[in-house]
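**Student:** Kindly generate the corresponding structure for this input.
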Amino acid sequence: MDLSTTYMGLKLNNPIVPSASPLSESVDSVKRMEDAGAAAVVCYSLFEEQITHESGELDHYLSYGTEMYAEATSYFPEPEEFKLTPYEYLDHIANLKKAVKIPVIGSLNGVSAGGWVKYAKNIEDAGADGLELNVYYIPTNPNLAGSEIENMYIDTLKTVKENVKIPVAVKLSPYFSSMSNMAKRLDKAGADALVMFNRFYQPDFDLEKLEVVPNLMLSTNWEMRLPLRWISILYGNINASLALTSGVHSSEDIIKVMMAGGDVAQICSELLMKGTSRIKDLLEGVENWMRENEYESIDMMKGSMSQKKVGEPAAFERANYMKTLQSYKTLL
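**Tutor:** Here you go, the predicted structure:
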């Protein structure tokens, strides 16, 4: 079976790419993922807060909402809470490149160009094969228009692309008024890949202490429905590569990503729960399914279930909405 694929211009042996996570915090862990069959790895993120702490500056976007809630700044991590300083992160990228043969993709997590440009270039110089911009921003300011948010994404991408030669992916949230248009604009601005979608971690309420508390939950495979749908819609309409992240847990999930039109399936929660050796099982499952269903390569199946290829493209749109609701049969 030919499991090879191309992602953001990089030739990969298969579509399994561990996403940015604690799994890449040690060289040994990344080596184990490579040995298990990972085609590439996205290194855990360097956060904008780390960069601004290092430079002694606080970016304008990080202050949104703090004029209403003065205590909000107290939630920014202190420098000692980060595992590595920005320059230690660069050393880690360089060490990974010496230790493994698979592509290593750096990750920057923040909301604006700011210090990103400098560190994007530094990550490139450290040897990274690509860069993922993880734009994690919750627009809480009611006076901030949606167009401003969209322009922030576009401007950040353009600024970074002007300063590096390695391919750049943008990790998106799904909350745009016109996802198709936003994807097209990012594609036109030079994005080599779009990663769908960022998971915004939702806080919970502690009713005993009457406090808002962090609540980190690993993904389940139902969460891949939303990115699967949008990859199916975007396939063939933009030039950028497409990656699905969040909710990939089985070999069947990976096959669905390919059939939707994705180029890679980014995996995290499954590996955190079951270990990096799980990659080998997933690859074997993909190969077995392809053999049983007479697919010789990933390319043969890619996009076969996209909106352009299926017999009922309306299933991706509102036209199928009422039919779907009426199909439910109650037990009452």
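
**Student:** Pass me the low-pLDDT residue ranges in the stretch 1-150 of the chain, would you?
**Tutor:** In the predicted model of the stretch 1-150 of the chain, residues 52-84, 111-115 satisfy pLDDT under 70.

**Student:** can you map out the helices along it?
**Tutor:** Counting by DSSP state H, counting those that start in this stretch, the stretch 1-150 of the chain has helices at residues 27-36, 48-55, 86-99, 116-125, 146-161.

**Student:** Select, out of those, the one closest to residue 276.
**Tutor:** Of all the helices of the stretch 1-150 of the chain, helix 27-36 sits nearest to residue 276, with 4.7 Å by CB to CB. Using the backbone N, CA and C atoms, a C-beta is placed for each residue, glycine as well.

**Student:** Buried residues, the closest one. List them.
**Tutor:** Buried residues in helix 27-36, defined by neighbour count with 16 or more other CB atoms under 10 Å: 29, 30, 32, 33, 34, 36.

**Student:** between those, which is nearest residue 126?
**Tutor:** Using CB to CB, residue 30 is the member of those that lies nearest residue 126, at 14.4 Å.

**Student:** what about that closest one, distance to residue 327?
**Tutor:** Distance, residue 30 to residue 327, by CB to CB, to the nearest Å: 45 Å.

**Student:** swap in residue 120?
**Tutor:** Counting by CB to CB, the gap from residue 120 to residue 327 is 48 Å.

**Student:** Quick one: the strands in the stretch 151-300 of the chain, in order.
**Tutor:** Assigned by DSSP state E, counting those that start in this stretch, the strands in the stretch 151-300 of the chain fall at 168-172, 193-196, 204-206, 211-213, 241-245, 264-267.

**Student:** And stretch 154-168, how far out from the chain middle?
**Tutor:** A distance of 17 Å separates the centroid of the chain from that of stretch 154-168, by CA atoms, centre = their mean, to the nearest Å.

**Student:** Not counting that stretch itself, show me its contacts.
**Tutor:** Stretch 154-168 is contacted from outside by 8-10, 112-113, 116-117, 120-121, 124, 128-133, 135, 170, 185-186, 189-193, using CB atoms under 8 Å, 6 or more residues apart in numbering.

**Student:** So for it, what gets flagged as buried?
**Tutor:** Result for stretch 154-168 [16+ other CB under 10 Å]: buried residues 154, 156, 157, 160, 161, 164, 166, 167, 168.

**Student:** For these, work out which two are farthest apart.
**Tutor:** The widest separation within the buried residues of stretch 154-168 (CB to CB) is 19.3 Å, between 154 and 166.

**Student:** ok so, going back, compare residue 120 and residue 327 (neighbour count), which wins?
**Tutor:** Neighbour totals were compared for residue 120 and residue 327, and residue 120 leads with 26 against 8 (other CB atoms under 10 Å).

**Student:** pretty sure the more buried one is touching residue 131, no?
**Tutor:** Yes: using CB atoms under 8 Å, residue 120 is in contact with residue 131, at 5.8 Å.

**Student:** okay, and the common contacts of those two?
**Tutor:** 108, 160, 164, 168.

**Student:** Of those residues, which is the nearest to residue 228?
**Tutor:** Once CB to CB is applied, the member of these that ends up nearest residue 228 is residue 168, at 23.5 Å.

**Student:** Now the closest one. Nearest residue, chain neighbours left out?
**Tutor:** residue 131 (5.0 Å; CB to CB, 6 or more residues apart in numbering).

**Student:** repeat for residue 6
**Tutor:** Excluding the flanking residues, the one nearest residue 6 by CB to CB, 6+ apart is residue 263, at 6.5 Å.

**Student:** quick one, what contacts that neighbour?
**Tutor:** Residue 263 neighbours (CB under 8 Å, 6+ apart): 5, 6, 7, 15, 193, 241, 242, 243, 302.

**Student:** can we see that at 10 Å?
**Tutor:** Residues near residue 263 by CB atoms under 10 Å, 6 or more residues apart in numbering: 5-8, 10, 12, 15, 17, 193, 231, 235, 240-244, 257, 298, 302.

**Student:** How much space separates it from residue 175?
**Tutor:** 23 Å.

**Student:** next one: residue 159
**Tutor:** Distance of residue 159 to residue 175, computed by CB to CB: 23 Å.

**Student:** next one: residue 161
**Tutor:** Going from residue 161 to residue 175 by CB to CB gives 23 Å.

**Student:** With residue 43 instead?
**Tutor:** Distance from residue 43 to residue 175, by CB to CB: 26 Å.

**Student:** Adding pLDDT and distance to residue 225, write the buried residues of stretch 154-168 out as TSV.
**Tutor:** Listed next are the buried residues of stretch 154-168 as TSV, based on pLDDT from 0 to 100; distance: CB to CB, whole Å:
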residue	pLDDT	distance to residue 225
154	93	27
156	90	28
157	93	27
160	93	30
161	95	31
164	96	34
166	98	32
167	98	28
168	98	27
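
**Student:** Out of the residues you listed, which comes closest to residue 212?
**Tutor:** When the buried residues of stretch 154-168 are compared against residue 212 (criterion: CB to CB), the nearest one is residue 156, at 28.5 Å.

**Student:** mind listing what residue 40 touches?
**Tutor:** 7-8, 10-18, 33-34, 100, 102-105, 129-130, 264, 266.
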